[in-house]
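In: okay, structure incoming, though there's no sequence with it:
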Ligand code: ADE
């Protein structure tokens with residue numbers, strides 16, 4: 001690889017960087033660590049396009065870590081509703097409380113990694129972007145860029161981190177890691193990489209091979225099992241009965257419609273008014289919606305015309321939509 005590959009990468013970033021609400025422009029003072037942390041948590045498993053408006057809404061409601069750490073867990077989970085992967089939000093709450101106790105953000109990747117919900121990637125990204133530490137922030141996009149540069153079919157994470165560190169300049173490591181992220185997301189795409197536009201094409205062994213798409217080798221995806229469950233729609237005087245899901249397990253602590261346990265053995269309910277199929281990371285679910293008269297267990301009545309403010313995750317928003325559309329059709 002040529003010595004000035006990093007220089008070309010950064011120049012490309014200066015000329016093309018994506019303006020995102022959690023970023024400072026290249027060469028500007030570093031962004032607020034609160035915003036960097038929040039964006040990195042939101043961006044785990046979620047696209048930039050989805051995160052952008054949700055990030056803006058979140059920081060408008062809670063502009064500082066102090067404001068967030070004083071908020072209730074229920075409000076934060078409600079604000080997260082629809083983004084999925086709710087363990088992120090539960091960890092965010094725990095992390096905000098811990099940061100309030102510490103009084104300031106730790107400034108190094110090693111210390112950041114001690115916090116709830118902050119792993120190897122996130123600690124390095126925050127340290128590099130907010131505090132200017134040379135820390136190897138390797139997400140799936142950066143991994144692909146480096147694997148292709150060096151034509152590594154099945155690289156180990158540690159090898160990628162070492163190669164990122166070899167390439168990272170001493171000056172402005174935050175711009176460097178974000179330049180890597182942008183190239184990975186917009187040019188060095190998994191399929192149909194835009195090698196003609198890449199500032200690293202002259203350095204890239206995968207490009208030279210003529211088949212960059214084949215590197216790195218894709219891992220075989222595990223088959224997704226299928227589950228069934230029932231959700232109850234219990235309505236009275238324009239309100240519907242909602243419950244909070246148990247803290248442990250999928251959608252933990254989120255607002256929900258009451259219902260059965262989900263399982264692979266269960267079958268669709270015979271008396272359902274309809275069902276929805278929802279795909280989670282590790283299984284898909286057919287959720288049958290059954291009308292019931294009497295509430296059961298702990299819960300609360302929520303006005304049906306304000307359901308978008310109930311903090312329901314997407315699964316239950318879809319179930320509610322099915323009920324209201326079935327009613328319109330009747
Ligand atoms: N993906 C993860 N972190 C990101 C960031 N800081 N900017 C753009 N995309 C990202």
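Out: Arrived safely, thanks for sending. Because the structure is a prediction, the values reported are computed rather than measured.
In: going forward, measure contacts and count neighbours with C-alpha atoms only.
Out: Will do.
In: and the residue nearest to residue 34 when sequence neighbours are not counted, what are its phi and psi?
Out: In space, and not counting its chain neighbours, residue 34 is closest to residue 65: 6.1 Å by CA to CA, 6 or more residues apart in numbering. When quoted as degrees, to the nearest 10, the phi and psi of residue 65 stand at phi -60, psi -30.
In: show me the domain layout of the protein.
Out: 3-214, 226-329 (automatic domain parsing).
In: can you pull out the residues in contact with the host helix or strand of residue 327?
Out: Following DSSP states H and E, one finds residue 327 within helix 314-329. Outside helix 314-329, the residues within contact range by CA atoms under 8 Å, 6 or more residues apart in numbering are 81-82, 84, 256-257, 273-276, 278, 289, 308.
In: how far does stretch 141-156 sit from its chain's centre?
Out: Centroid displacement of stretch 141-156 relative to its chain, using CA atoms, centre = their mean, to the nearest Å, is 22 Å.
In: before we move on, back to that, of the domains of the chain, flag the one that's most buried.
Out: With neighbours defined as mean count of other CA atoms under 10 Å, these peak in mean count at domain 3-214, which reaches a mean of 18.
In: name the helix or strand of the protein that has the lowest mean pLDDT.
Out: Least confident helix or strand, the chain: helix 314-329 with a mean of 93, by mean pLDDT, DSSP states H and E.
In: so how far is that one off the chain centroid?
Out: Worked out by CA atoms, centre = their mean, helix 314-329 lies 26 Å from the chain centre.
In: now stretch 297-310
Out: Put simply, stretch 297-310 sits 26 Å off its chain's centre (CA atoms, centre = their mean).
In: quick one: average pLDDT of it?
Out: Mean per-residue pLDDT for stretch 297-310: 96.
In: got the contact list for it?
Out: 78, 238-244, 255, 317.
In: could you dump those into TSV and include secondary structure?
Out: What follows is the contacts of stretch 297-310, written out as TSV (DSSP: H, G, I helix; E, B strand; the rest coil):
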residue	secondary structure
78	helix
238	coil
239	strand
240	strand
241	strand
242	strand
243	strand
244	strand
255	strand
317	helix
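In: residue ranges with poor pLDDT in the protein?
Out: Counting by pLDDT under 70, the chain contains low-confidence ranges at 1-3.
In: which neighbouring elements make contact with the longest strand belonging to the chain?
Out: Determined from DSSP state E, the single longest strand within the chain is strand 226-236. Under the contact definition 3 or more CA pairs under 8 Å, 6 or more residues apart in numbering; DSSP states H and E, strand 226-236 sits against strand 239-244, strand 284-292.
In: narrow the contacts of helix 314-329 to those in helices?
Out: Taking DSSP state H, every one of these sits outside helices.
In: farthest pair within these?
Out: 84 and 273 (25.8 Å; CA to CA).
In: distance of residue 5 from the ligand?
Out: The gap separating residue 5 from the ligand is 20 Å, by CA to the nearest ligand atom, to the nearest Å.
In: next one: residue 43
Out: For residue 43, the distance to the ligand - CA to the nearest ligand atom - is 5 Å.
In: mind telling me what element the residue lying closest to that residue once chain neighbours are set aside is part of?
Out: What sits nearest to residue 43 in space, not counting adjacent residues and going by CA to CA, 6+ apart, is residue 51, at 6.6 Å. Element membership for residue 51 (DSSP H and E) is helix 48-61.
In: specify the local secondary structure of residue 171.
Out: coil.
In: surely residue 105 meets residue 99?
Out: Yes - taking contacts as CA atoms under 8 Å, residue 105 lies within contact range of residue 99: 6.4 Å.
In: can you lay out the contacts of stretch 297-310 as TSV showing distance to the ligand?
Out: Below are those laid out as TSV (distance: CA to the nearest ligand atom, whole Å):
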residue	distance to the ligand
78	23
238	42
239	39
240	38
241	38
242	34
243	33
244	31
255	28
317	27
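In: OK, contacts around residue 56?
Out: Per CA under 8 Å, 6+ apart, neighbours of residue 56: residue 21.
In: quick check: it vs the ligand, distance?
Out: Counting by CA to the nearest ligand atom, the gap from residue 56 to the ligand is 14 Å.
In: same thing with residue 318?
Out: 28 Å.
In: now swap in residue 202 and tell me
Out: With CA to the nearest ligand atom as the criterion, residue 202 and the ligand are 24 Å apart.
In: on the three-state scheme, that residue is what?
Out: With three-state DSSP as the basis, residue 202 sits in helix.
In: quick one: residues contacting it.
Out: By CA under 8 Å, 6+ apart, no residues touch residue 202.
In: no further queries at this time; thank you.
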